[in-house]
Structure formats: C-alpha cells, structure tokens
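>>> Need coordinates for the following:
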Amino acid sequence: MGKLREEINKALNGPCETLWCDDCKLPVDKDHKHQLSIKPIDERPEGDCYVVLYNQIQAALDETKEPREPVQWFSEQMERKLAKHDDRPGWQNENFEYLLIRLMGELGELCSLPKTLDHKMGLENVIEEAADVGNFAMMVADNARRLLKDN
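Numbers count the residues shown, from 1 in each chain. Below is the predicted model of the structure:
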C-alpha cells in the first residue's frame, strides 16, 4: 500500500484545475459558487482534482497485487496461532537469541512429524507446527525490521 499512499500524495500535491474557496477550502466553480453537491466522477472535467486523484488511486490499486493464495492461507494459520496467546506481552521486547532458540525448537517439532503424514491428524499437526515456525521466524524478522527503522 506504500505505492497507493505515494499516488494519493502526488495527486493531492500535484497540478489541479479545481478552484478552492479561500475561506472554507471547499471546491468552487469558475464563478466561485460552492460546489456542495458531489458530482459522479464521470461527470467531472478531466483536470478536476477529484478526477486526478481517482485516476491515480485506480492506477495504484491496479498495480497492487494480492498475496498468493497459499501465502494468504498460511498467514491466516499463523494469525490463528498467535491469537491463542493474545494474553501474553508479545515478542517486541524479546532478544534475538531467545526467539532463535524458540524458532529452532519449533523447527525440531516440525521435523519430527513426517512419520505421521499418512493420517489426517498428522497433516493437521504439520500445519500447526509449520505455523509455529512461521510465527517465530516472523517475530525475528519483525524485531529486525523495527531496529532498522529506528536506526
């Protein structure tokens, strides 16, 4: 969504043929009469700020890709597991060593499961443990991201 935010800012700060009331900052027509009714986008002139903004938002949305279906599904599994522990303080203040030890522990649990892959329960356990591994990897990456942002 960073691209969308960029496009909105560009539209709001870029060239615009819409006239604005100096007092109330509402749009006005060429005779400086307030345009209080909202015209549909297809009835507005091409240089109108709303048309410019609308077109730029549409272009940014067209470029915005949804996550792949397996990525979306897996993130939902991870969130479901995290939600079970909403009573805990979170990972933001945990050190890397602790999170990496936990990640390796969860990876060990996941690696011990393949012998049960022929049963539905075994496959569900694989999904559960993979979500745990994903969550601890995410926690490590999230803490690193925040440190990068702060420096």
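>>> longest helix in this protein, by residue count?
Longest helix of the chain, by residue count under DSSP state H: helix 120-150.
>>> buried ones in that helix?
Within helix 120-150, the residues scored as buried using 16 or more other CB atoms under 10 Å are 125, 129-140, 143. Where C-beta positions appear, they are placed from N, C-alpha and C, glycine not excepted.
>>> Please identify the helix or strand for D87.
D87 belongs to no helix or strand when assigned by DSSP states H and E.
>>> can you count the residues close to it?
For D87, the tally of surrounding residues (other CB atoms under 10 Å) stands at 5.
>>> Just want the phi and psi numbers for it.
Phi and psi for D87, reported as degrees, to the nearest 10, are phi -80, psi -10.
>>> Over to W91?
Main-chain torsions, W91, degrees, to the nearest 10: phi -110, psi -10.
>>> how far away is the residue lying closest to it once chain neighbours are set aside from E128?
Among residues not flanking W91 along the chain, M139 sits closest, at 4.0 Å (CB to CB, 6 or more residues apart in numbering). Between M139 and E128 the computed distance is 17 Å (CB to CB, to the nearest Å).
>>> List just the nearest of the buried residues of helix 120-150 to L110.
For the buried residues of helix 120-150, the closest approach to L110 (CB to CB) belongs to E129, at 4.0 Å.
>>> Settle this for me: the closest one is touching G105, isn't it.
No: at 10.5 Å, E129 and G105 do not qualify as touching, with contact defined as CB atoms under 8 Å.
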